[in-house]
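**Student:** what shape does this take:
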Amino acid sequence: MSKKRLLIIDDDSRNIFALEHTLRAKSFDCLSCLSAEEALKLLETDEVIDAVLIDMMMPEMDGYDAIPLIKKIPSRESLFVVAVTAQAMTGDREKCLEAGADAYISKPVDVDKLLLILGKI
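**Tutor:** Numbers count the residues shown, from 1 in each chain. Next up, the predicted model:
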């Protein structure tokens, strides 16, 4: 079985480092982008991405704006997107799912819960 390839989108390199370190130890291949704009460009050219983990609160373009744009990219309509947020306020999960996310997880990320979510890809 080949490794699943994940794209982590977060404006904080410390969050990317922590997620990459954890997920690589669990046999995932990881790519990262520090902005949604950079990720959109990558997703248009890199055809081997199985899922996206996107921070919902980023400057310039947040996850709420980026997810619908990701899903509009030809061949990305069914890409599995996990919304990652530090807010964890009432209604956040529903707002993320309405934006087009397939799953939702709050920070600090519970690794076991994330692995269950990623088991769906």
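
**Student:** find the centremost residue of this structure, please.
**Tutor:** L53 (1.2 Å; CA atoms, centre = their mean).

**Student:** any idea how far that one is from K120?
**Tutor:** L53 is 13 Å from K120, where distance means CB to CB, to the nearest Å. C-betas here are computed from N, CA, C, even on glycine.

**Student:** residue boundaries of the helices in this protein?
**Tutor:** With DSSP state H, the ranges of helices along the chain come out as 13-25, 36-45, 63-72, 92-99, 111-118.

**Student:** looking at those, which has the lowest confidence?
**Tutor:** The minimum mean pLDDT among these belongs to helix 92-99 (a mean of 92).

**Student:** elements contacting it?
**Tutor:** In terms of contacts (3 or more CB pairs under 8 Å, 6 or more residues apart in numbering; DSSP states H and E), helix 92-99 is packed against helix 63-72, strand 80-85, strand 103-106.
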